[in-house]
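*Asks:* Provided below are the primary sequence and the corresponding predicted coordinates.
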Amino acid sequence: AAGKLVISTTIGAQGIPYVKGEHLLIADTAEEFTAAYTQLNNGSIDATKIVNNARKLIENAYSTNAITSQLVNYYSKNI
């Protein structure tokens, strides 16, 4: 949501409905982190697109409006 590209481990991204390479980068080993950094540095990964996709994901799933909507839907079905 802060407009920063995220490189996470699989465990670190648990619970987030992400698509690898679309919302964030996943690297579980030192070699994978190095490869991701190299790809970012040489421009073979579109960091701007990933950041924008991540921002949309967070807004759609975790913003105050999104959470309020989810709660209203839950309560209207369960009360």
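*Replies:* Structure's in. What do you need? Just so it is clear, the model here is predicted, and its values are computed rather than measured.
*Asks:* Can you get me a residue count around His23?
*Replies:* The local packing of His23 (other C-beta atoms under 10 Å) involves 20 other residues. Where you see a C-beta, it was placed from the backbone N, CA and C, and this is true even at glycine.
*Asks:* List the contacts of it.
*Replies:* His23 sits next to Ile16, Ile50, Asn53, Ala54, Leu57 when contact means C-beta atoms under 8 Å, 6 or more residues apart in numbering.
*Asks:* could you redo the last one with a cut-off of 10 Å?
*Replies:* 6, 13, 16-17, 50-58 (C-beta atoms under 10 Å, 6 or more residues apart in numbering).
*Asks:* Could you tell me which of those residues count as buried?
*Replies:* Among these, those buried by neighbour count (16 or more other C-beta atoms under 10 Å) are Val6, Ala13, Ile50, Val51, Asn53, Ala54, Leu57, Ile58.
*Asks:* tell me the least confident of these?
*Replies:* Lowest pLDDT among the buried ones among the contacts of His23: Ile58, with 91.
*Asks:* Which secondary structure element is home to that residue?
*Replies:* Element membership for Ile58, per DSSP states H and E: helix 47-62.
*Asks:* List of residues touching the very next helix or strand once past that helix?
*Replies:* Later in the chain than helix 47-62, the nearest helix or strand by DSSP H and E is helix 64-78. By C-beta under 10 Å, 6+ apart, the surrounding residues in contact with helix 64-78 are Ile58, Glu59, Asn60, Ala61, Tyr62, Ser63.
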